Each structure stands twice: as structure tokens, then as C-alpha cells.
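Engineer: need a 3D model of the following:
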Amino acid sequence: MKFKYLLMAVASLGLFASCESDDPSVAIAEYHKPTTFVLNQPQFSNAVYDLMNAEYINLQCSQPDYGYAAAVNYTVEVSNTEDFATAATVAGTFTECNMFVPAYDFSTAICVAKGWASQEEIDAELAAAGGSLPVYIRLNAVIANSMVKDSEITSNVIKINTIPFFALPPMVVPTVIYMTGDFSGWDWGNSAAMTQIHSNESKFWTIRYCEAGKSVKFNISQADDSFLSEAAHVTAHSEVEGVNATVTEDGGVSVDKSGWYLYGVDVAIDGRKYQYDTYIFPPKVYVYGACNGGTWDDTYKTSDWEFAVPDSADGEFVSPALAADGELRLCVHPRTLADDIDWAGAWWHTEFIFFDGKIAFRGTGPDQERVNASAGQVVRLNFVTGDASCK
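Structural biologist: Numbering: from 1, shown residues only. The predicted structure follows:
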């Protein structure tokens with residue numbers, strides 16, 4: 001009698017659905033969601049792991065019982081408390097039950113979980129605790145094949161004693177801040193990149209329309225929310241007559257009147273957080289220099305060369321007809337209400353122009369290429385699409 005045995009070990013195809021066969025000699029592996037996942041206590045768990053002088057932490061587990069030997073991705077989580085109230089994930093993914101976690105990445109995750117901002121903070125905690133600190137570890141497992149749903153499971157928690165070190169990169173002032181809100185559908189991919197201000201590199205600006213009661217939020221990245229604005233690290237100042245600005249519970253900034261605003265953000269470093277000091281200015285855009293008849297320093301003191309602000313959220317800013325031929329120079333020039341100072345400094349610190357129909361901001365760069373315009377022409381700017389024209 002010919003014996004047949006079929007083992008369908010093709011987890012990567014995600015084909016393990018319940019089924020039956022008329023041939024009793026055919027065995028078909030069948031996926032099921034595991035209920036337990038065991039992370040083993042390390043052999044030397046009573047020892048102290050000196051992470052500065054260790055190459056890696058060796059962790060071992062038993063693969064969750066999925067009904068077959070699956071291809072599994074493992075991630076490592078660490079916390080300073082057994083309940084994982086504050087936790088961080090170690091960088092990288094592991095594919096074997098015997099994993100070697102780089103000590104540097106492990107210490108980095110501990111720093112994130114603890115919120116440490118310096119080696120001095122670590123040294124103080126080590127001294128108070130008698131030379132070492134407990135770290136709690138657990139694993140998350142999930143089948144590598146995305147077609148297999150609901151396969152994620154978390155292991156038990158183990159504890160080891162460590163001497164961690166400060167392994168986070170230094171905090172630096174970012175070169176761009178992103179702002180999102182209703183204007184972008186709360187999609188960071190469509191968020192507004194705020195422009196860094198020349199000679200004041202901690203400051204950024206952008207112009208956007210915001211509805212009353214709605215808010216905007218800030219981050220240094222469009223992809224990573226590690227430094228997303230939080231209420232404790234945001235302030236709001238309105239420099240617009242009759243408009244109030246407030247910080248929302250989730251770290252946004254809202255206004256109580258719909259309209260166009262120039263948003264200014266001054267970023268400071270507070271430990272391992274960014275402090276977003278936010279200013280709401282009138283959206284005043286100016287024509288400077290030759291095209292306004294040769295007025296440079298004091299243009300902002302009158303409304304003669306201000307752009308008209310649109311009434312709608314998709315409208316264009318429109319300049320007065322240009323007074324003379326020459327080099328076209330454009331800028332915003334935000335000023336504070338209380339002490340009437342130039343928040344961004346000189347007018348050219350927030351200068352911009354447009355090339356091939358698209359707005360180009362000077363930022364912290366050198367003088368931009370000159371663009372000539374003619375008397376009688378009108379400049380139109382769309383700060384949402386970035387489109388611009390002079391006709």
C-alpha cells in the first residue's frame with residue numbers, strides 16, 4: 001500500500017485555511033491563533049548586563065503555536081515597569097527564536113522608555129538604585145505574511161538587571177517644521193512645510209486658512225510622530241486684533257475666527273522634547289523695492305503695498321498694480337502687537353519669489369535669482385498650491 005503524506009509548509013503564501021480531505025492519508029496543516037507565547041528567562045538573568053561593554057543581549061523564545069512552522073517577525077519591547085506603562089521598541093526586527101539584540105539599540109530603547117535626556121540623569125538613577133537598574137522585556141510576534149490576519153501575540157514579561165548608558169542622538173534645531181490640520185485633511189503627507197527664517201533659524205513660518213474652532217499641529221517629520229506637538233510643550237499667542245488663539249488638549253493650536261493667518265513657530269529644545277511657541281499673525285504679504293517705486297525699509301508701515309487677502313480658503317493673494325519696472329521682491333513681515341517688534345527680523349529674512357509659476361522661499365539661503373516685472377502688472381499667489389503669476 002502506497003503511503004501518502006502531504007505537509008503544506010507554505011506559510012509565506014498564507015494558505016492555511018480550515019479544510020477537509022476525503023483521503024485520510026493526506027494531512028493538511030491548519031492555521032490557528034495561538035494563546036501563549038513564551039519568552040525564556042536568560043540563563044544569566046541574575047547577573048548585571050553592562051550595556052556599554054556588551055555586544056548584544058541574547059534572548060530566546062518558543063515560536064507561538066500557529067499550527068505549523070511559520071515565518072515569524074519578532075520585535076523587542078522594553079520598559080522600566082512590569083506593567084509597561086511607558087515602553088519603547090528596540091530598533092529592528094528579528095526572524096529567529098534565538099535572537100541577538102545589539103546592546104546599543106537596547107540601551108537606546110531604555111533611554112526612550114525612561115525619558116532620559118543625558119548621561120547625568122542615568123548616573124544619578126544608578127547611584128540611587130545601588131549601581132544597576134531593572135529592565136522589563138517582552139516580545140511581539142506576528143507572521144511575516146501579511147495575508148495571515150490576526151496573528152500578532154505578545155509574550156510574557158521577563159526582567160534583567162542592567163547598567164544602561166545614554167545612547168540617543170543629540171537634539172538639534174530642525175531645518176523644517178511641518179504643520180497639518182483640516183486644510184490638509186489631517187494627512188501628514190499633505191502637510192505644510194514651514195519655512196525656516198533667515199538669521200533666526202529656530203523660527204519658521206507659513207500662511208494657511210483655518211476655520212474657527214479648528215486646530216493645527218506641528219511636527220519635525222511627516223513620517224515619524226516622535227516629536228509631535230503636545231499640549232505641555234506648546235504655547236499660543238495671537239498677534240491679530242480680535243482673534244484669540246488657544247492650545248488644545250492634544251497639542252494643537254486653534255483660533256476663534258475663520259480666516260487666513262500667518263503661523264509663526266519658534267522651536268526650542270526642552271530635554272528630549274521640542275517646545276513649539278506658536279504665534280498667529282495677520283497674513284500680510286508685501287511688494288518691496290524697485291517695483292513699488294523704490295521703498296525698502298518702511299514698506300510694512302502702510303497698507304499701500306500689501307496684497308489683498310482672499311475671502312475663501314482656496315483663494316489667491318493679489319498685489320496692487322506694480323508702480324515701476326524692476327526686480328520683484330516679495331516678503332512677509334510679521335510684527336507683534338504688545339511691543340511692535342519685528343518677530344522675524346529684517347524684511348528679507350522672510351523673502352520669497354517664484355520661478356516657472358511656483359513660489360520659492362529664500363529660507364536661510366543666499367539672495368535668490370532676480371525676477372523682473374513691469375509697471376502695471378499684478379502678482380497673484382496661492383499659498384495652498386504654491387502657484388504664482390505676474391501679469
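Engineer: what ranges do the helices span in the stretch 1-150 of the chain?
Structural biologist: For the stretch 1-150 of the chain, applying DSSP state H, counting those that start in this stretch gives helices covering 103-114, 119-129.
Engineer: name the stretch among those that sits most buried.
Structural biologist: For the helices of the stretch 1-150 of the chain, the largest average neighbour count (mean count of other CB atoms under 10 Å) is found in helix 103-114, namely a mean of 22. Just so you know, the C-beta spots here come from the backbone N, C-alpha and C atoms, and that holds for glycine as well.
Engineer: how far away is P34 from S258?
Structural biologist: 53 Å (CB to CB, to the nearest Å).
Engineer: switch the helices of the stretch 1-150 of the chain over to TSV; also include distance to D298 and mean pLDDT.
Structural biologist: Listed next are the helices of the stretch 1-150 of the chain as TSV, based on distance: least, CB to CB, whole Å; pLDDT from 0 to 100:
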stretch	distance to D298	mean pLDDT
helix 103-114	50	95
helix 119-129	50	96
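Engineer: distance to A388 added to the ones you listed, as JSON lines?
Structural biologist: Shown next, in JSON lines, are these (distance: least, CB to CB, whole Å):
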{"stretch": "helix 103-114", "distance to A388": "43"}
{"stretch": "helix 119-129", "distance to A388": "49"}
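Engineer: ok, which of the ones you listed comes nearest F227?
Structural biologist: Ranking those by proximity to F227 (CB to CB) places helix 103-114 first, at 12.1 Å.
Engineer: give me the angle between the closest one and helix 119-129.
Structural biologist: 80 degrees (axes from the mean of the first three to the mean of the last three CA atoms, to 10 degrees).
Engineer: mind giving me the packing neighbours of helix 103-114?
Structural biologist: strand 56-60, strand 72-79, strand 87-89 (3 or more CB pairs under 8 Å, 6 or more residues apart in numbering; DSSP states H and E).
Engineer: just name the most buried of those strands.
Structural biologist: Most buried among these, counting by mean count of other CB under 10 Å: strand 72-79, with a mean of 21.
Engineer: tilt between it and helix 103-114?
Structural biologist: Using the same axes, to 10 degrees: strand 72-79 against helix 103-114 is 50 degrees.
Engineer: and strand 72-79, what does it pack onto?
Structural biologist: With 3+ CB pairs under 8 Å, 6+ apart as the test, strand 72-79 has strand 87-89, strand 98-102, helix 103-114, strand 133-143 packed against it.
Engineer: looking at those, spot the one closest to L381.
Structural biologist: Ranking the helices and strands packed on strand 72-79 by proximity to L381 (CB to CB) places helix 103-114 first, at 41.8 Å.
Engineer: mind saving the C-alpha coords of the closest one as CSV?
Structural biologist: Extracted in CSV, the C-alpha atoms of helix 103-114 (Å, rounded to 0.1, in the frame of the first residue of the first chain):
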residue,chain,number,x,y,z
ALA,A,103,23.4,46.4,23.2
TYR,A,104,23.5,49.9,21.7
ASP,A,105,19.9,49.6,20.3
PHE,A,106,18.8,48.0,23.6
SER,A,107,20.2,50.9,25.6
THR,A,108,18.7,53.4,23.2
ALA,A,109,15.2,52.0,23.8
ILE,A,110,15.7,52.1,27.5
CYS,A,111,16.6,55.8,27.2
VAL,A,112,13.4,56.4,25.3
ALA,A,113,11.2,54.5,27.7
LYS,A,114,12.7,56.3,30.7
